[in-house]
Structures are given as structure tokens and as C-alpha cells.
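Requesting a structural model of the entry that follows:
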Amino acid sequence: MPRKISYILAFELGLGVLALALALIFDLQPWLRFDFAHAQWLIGVVATLPMVLGLFALGLVRARWIDELQQFMREVVVPMFAGARWWMLMLVALAAGIGEELLFRGVIQDGLSDRVGPGFGLLAAALLFGLVHAMSRAYVLLATLAGLYLGLLYLWTENLLVVILVHFLYDWIALQVYVGRHRNGPSQPAADEEQITL
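Sure, this is the predicted structure:
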């Protein structure tokens, strides 16, 4: 496995470990927020569709900020995954889904919701989620919107499995499409190409 992929996996899983440590410190129990019923898996798959559609819809928008985002993806993100096989991308997406959702929804959103209120918990977790993805102003905005979507989904389902599944599927699809295009084709983006991972 390429060293960069190992570092990314370690970082994402480290967020999960951090989440569990914070949960113990602040007397939270995110591990109780998992419902593995068949219907919950279906909700997770269906709830991924709006994010994936949004991903491809961005590719239809012609704007300078999107061009800058595409350039960042080509120059920074794609080289990080050079040589990665499909299963490595899947592991990275799964680690991101587990680590980030345990931290941002299971600990930050839940912890603040219990102490200050669900609206504040939702907004704070989404904003922090956006700031952690501070690769550009546009990326912060898109990640914050994704954080709001995932946070609302979590409020609705009260199930960490659902938001982990949505995050994982979205990232895996985005990585497969974006990295795959650049692996097999020229370095210049296609006209409809704007895939952003979170």
C-alpha cells in the first residue's frame, strides 16, 4: 500500500480514536447510536443520492471558484492517490466515514446538542466539519453544507450508521470517479468533471 494512503488511513482512523476518547471524557456514548436494521441501510443508500447528484451538478456550473477547486483536486488530491487500487480508495472512504462521523456527529453534535441545544449542535458541528476541510474557501463552504446535510440526517434518524454509510459511499464514489479519470486520461479535466470528497 502506498505510504500516502497509509498516512491518510491513519489520520482518519485517528479521528475515530479521538472521538472515542472525547466521548469517554465528556460522558457520551456514540456507540449506542447504531441501528443495524435493514431499513436503516436502505435509508443510508438512498440518502447518498442527493450528495452524489450535487457532486455531478457542480460539474455543470461554470465559475472561477469551481475551476480553482478542480485545479486543487488535480494538483493536490489526485497525486495523493496515485497508484491506489479501488479497494484502497474504499478503505480511505470507509475510514473517513467512520472517523469523521464519530467525531463530528457522534461526539461534537451530540455533545453540544445535549448541553446547548440541537440547533447549536448541528450548526457548530457543520461549521467545524467545514473548517477541517479548509483547502479553499469554496471547499469550506461545500464541506459545511455537506456537514449540515449529514447533521440533519443524523437528527432525523438518530443513527450514526446512516451518516457513516452516506459519508463512506459519497467519498468512495467521488474518489473512484475523479481519481479514475485522471489515472486513465490526460491531466486536463473534462468539461463535466467536478468531484469533491469530504
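
Which elements pack onto the biggest helix by length in the chain?
Longest helix of the chain, by residue count under DSSP state H: helix 160-184. Secondary-structure packing of helix 160-184 (3 or more C-beta pairs under 8 Å, 6 or more residues apart in numbering; DSSP states H and E): helix 38-58, helix 78-80, helix 86-101, helix 137-157. C-beta coordinates here come from the backbone N, C-alpha and C atoms, glycine included.

Which residue is the nearest non-sequential neighbour of R105?
Spatial nearest neighbour of R105, chain neighbours left out: Y154 (4.6 Å); criterion: C-beta to C-beta, 6 or more residues apart in numbering.

Hmm, V162 and that neighbour touching each other?
Yes - with contacts counted by C-beta atoms under 8 Å, Y154 reaches V162, the gap being 7.3 Å.

which residues are in contact with both of those two?
In terms of C-beta atoms under 8 Å, 6 or more residues apart in numbering, Y154 and V162 are not both contacted by any residue.

Sketch out the low-pLDDT regions of the protein for me.
For the chain, the stretches flagged by pLDDT under 70 are 181-198.

how close does V61 sit to L142?
12 Å (C-beta to C-beta, to the nearest Å).
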